[in-house]
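Student: A structural model of the following input is requested.
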Amino acid sequence: MNKLFNNTKVAFSLKKDSELERAYFLFKMIANEPLVRIGTAMTNFAIKAKLPVEGLIRATVFDHFCGGVSEDDCVPVIDKMYAKKVCSVLDYSVEGKVDEAQFDAAFDMTIKLLDFVKEKEAIPFAVFKPTGFGRIELYEKVGDKANLTVDEAEEWDRVIARYDKVCALAKEKDVKLLIDAEESWMQDAADGLVTDMMRKYNTEKAIVFNTLQMYRWDRLDYLKQLHAEAKAKGFYVGMKLVRGAYMEKENERAIANGYTSPICESKVVTDRNFDAGVSYMVENIGALSLFAGTHNEDSSYLVMQLMQEQNVPVNSDAVWFGQLYGMSDHISFNLSEAGYNVAKYLPFGPVRDVMPYLIRRAEENTSVAGQTTRELNLLKEERKRRKL
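Tutor: Next up, the predicted model:
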């Protein structure tokens, strides 16, 4: 497979020199683990103390990893990326809400985004988080098949109603809907709900997409079982495959509670599991639709190779590649240049509310071996190329 991800001219074609320098500065900072820990603690303190730090955050880390504070604020970024045929997935990245008013607000925003998305060819997907629509403790209780109180049963009915209304509107507007995965202890209930929505709304093609975190060793079996059910019952399966983002939390909880960790024993096994998942999906494309959410070059090349072997056109609507905004531009923009479908997750929301997301991005880049080094080396190369 031709190694196309080394082309920095294509990768950073949208970045002005000043934006390239900011990206280089940010990744240099993120590469320093003690600095990330100190910066995270200071930022959390500043936010809680209501210190006026939003301008500084907005001018640096926020504008690099986020599209804006509102959906309208994101439009210039969306249009700019789409000029290079890189689409956007608008992700309202406000987290950690716990009451009904907040869940209704997240639901209203998702409905609003579906209307917004329908008008923009550059935004082929909508997205929401399960815990945006209901309490994590409620998902956990439903997943454990525990008895719900009368109030909890009514609360769960409201969660189901939110899912159903959003999925019905996605089908009506013909907009694909990605539903994120979260912690394993709430995921069984979310999986059950999303599968219900697939049975109901994926009757002609994949509209509703669930997410599989392939650092979980049980996910490939789950995918195969769901595929078998879909064949038997006549519905289509849409899946976003990612490696996963809650590894430390998952392992710590498993140790504390004395159960087997759901996480693969090593990065190598996780990589193997992810590649087995995308392989299975591309081999069964048509019945299955894939959104490959990966910053891993080898996995991206594998999907390209499998598409070639299975005679899947590069622009098939059944295969999408996805990366996060502000990361892995060398994958996103070189793939789109080669004709593949690519969408960047574009987080947005009020600066203070999006801080948990931004902190996770910094910590993730620090902990993923090689990720930040690769970003820095590519940025260095492009700086050198421009000087020459």
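
Student: May I see the buried residues of stretch 380-388?
Tutor: Glu381, Glu382, Arg383 (16 or more other CB atoms under 10 Å). Every residue, glycine included, has its C-beta placed from N, CA and C.

Student: Could you do stretch 80-90 as well?
Tutor: Met81, Tyr82, Lys85, Val86, Cys87, Ser88, Val89, Leu90.

Student: per-residue confidence averaged over the biggest helix by length in the chain?
Tutor: Using DSSP state H to define each element, the chain has its longest helix at helix 150-173. If you average the pLDDT over helix 150-173, you get 98.

Student: which helices and strands does the following helix or strand past that helix pack with?
Tutor: Next helix or strand after helix 150-173 toward the C-terminus (DSSP states H and E): strand 176-179. Applying 3 or more CB pairs under 8 Å, 6 or more residues apart in numbering; DSSP states H and E, one finds that strand 176-179 contacts strand 125-128, helix 150-173, strand 208-213.

Student: Restricting to C-alpha, output the helix or strand that strand 176-179 is followed by in PDB.
Tutor: Downstream of strand 176-179, the next assigned helix or strand under DSSP H and E is helix 184-201. Extracted C-alpha coordinates of helix 184-201, given in PDB (Å, rounded to 0.1, in the frame of the first residue of the first chain):
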ATOM      1  CA  SER A 184     -18.300  -0.600  30.300                       C
ATOM      2  CA  TRP A 185     -20.500  -0.700  33.400                       C
ATOM      3  CA  MET A 186     -23.100   1.400  31.700                       C
ATOM      4  CA  GLN A 187     -22.600   0.100  28.100                       C
ATOM      5  CA  ASP A 188     -24.900  -2.900  28.200                       C
ATOM      6  CA  ALA A 189     -28.000  -0.800  28.700                       C
ATOM      7  CA  ALA A 190     -26.800   1.700  26.000                       C
ATOM      8  CA  ASP A 191     -26.100  -1.200  23.600                       C
ATOM      9  CA  GLY A 192     -29.600  -2.600  24.200                       C
ATOM     10  CA  LEU A 193     -31.200   0.700  23.500                       C
ATOM     11  CA  VAL A 194     -29.100   1.400  20.300                       C
ATOM     12  CA  THR A 195     -29.800  -2.100  19.000                       C
ATOM     13  CA  ASP A 196     -33.600  -1.500  19.500                       C
ATOM     14  CA  MET A 197     -33.100   1.700  17.400                       C
ATOM     15  CA  MET A 198     -31.300  -0.200  14.700                       C
ATOM     16  CA  ARG A 199     -34.100  -2.800  14.500                       C
ATOM     17  CA  LYS A 200     -36.600   0.000  14.200                       C
ATOM     18  CA  TYR A 201     -34.800   2.500  11.900                       C
END
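
Student: What residues sit buried inside helix 184-201?
Tutor: In helix 184-201, counting by 16+ other CB under 10 Å, buried: 184-187, 189-191, 193-195, 197-198, 200-201.

Student: pretty sure Ile306 is touching Gly277, no?
Tutor: Just to correct that, residue 306 is Leu rather than Ile. No. Under the contact definition of CB atoms under 8 Å, Leu306 does not touch Gly277, with a separation of 11.5 Å.

Student: Same drill for those two, tell me which one is more crowded.
Tutor: Gly277 (23 against 20; other CB atoms under 10 Å).

Student: That one is in what secondary structure piece?
Tutor: Per DSSP H and E: helix 267-283 holds Gly277.

Student: any weak-confidence spans in the stretch 251-388 of the chain?
Tutor: Applying pLDDT under 70 to the stretch 251-388 of the chain flags residues 361-369.
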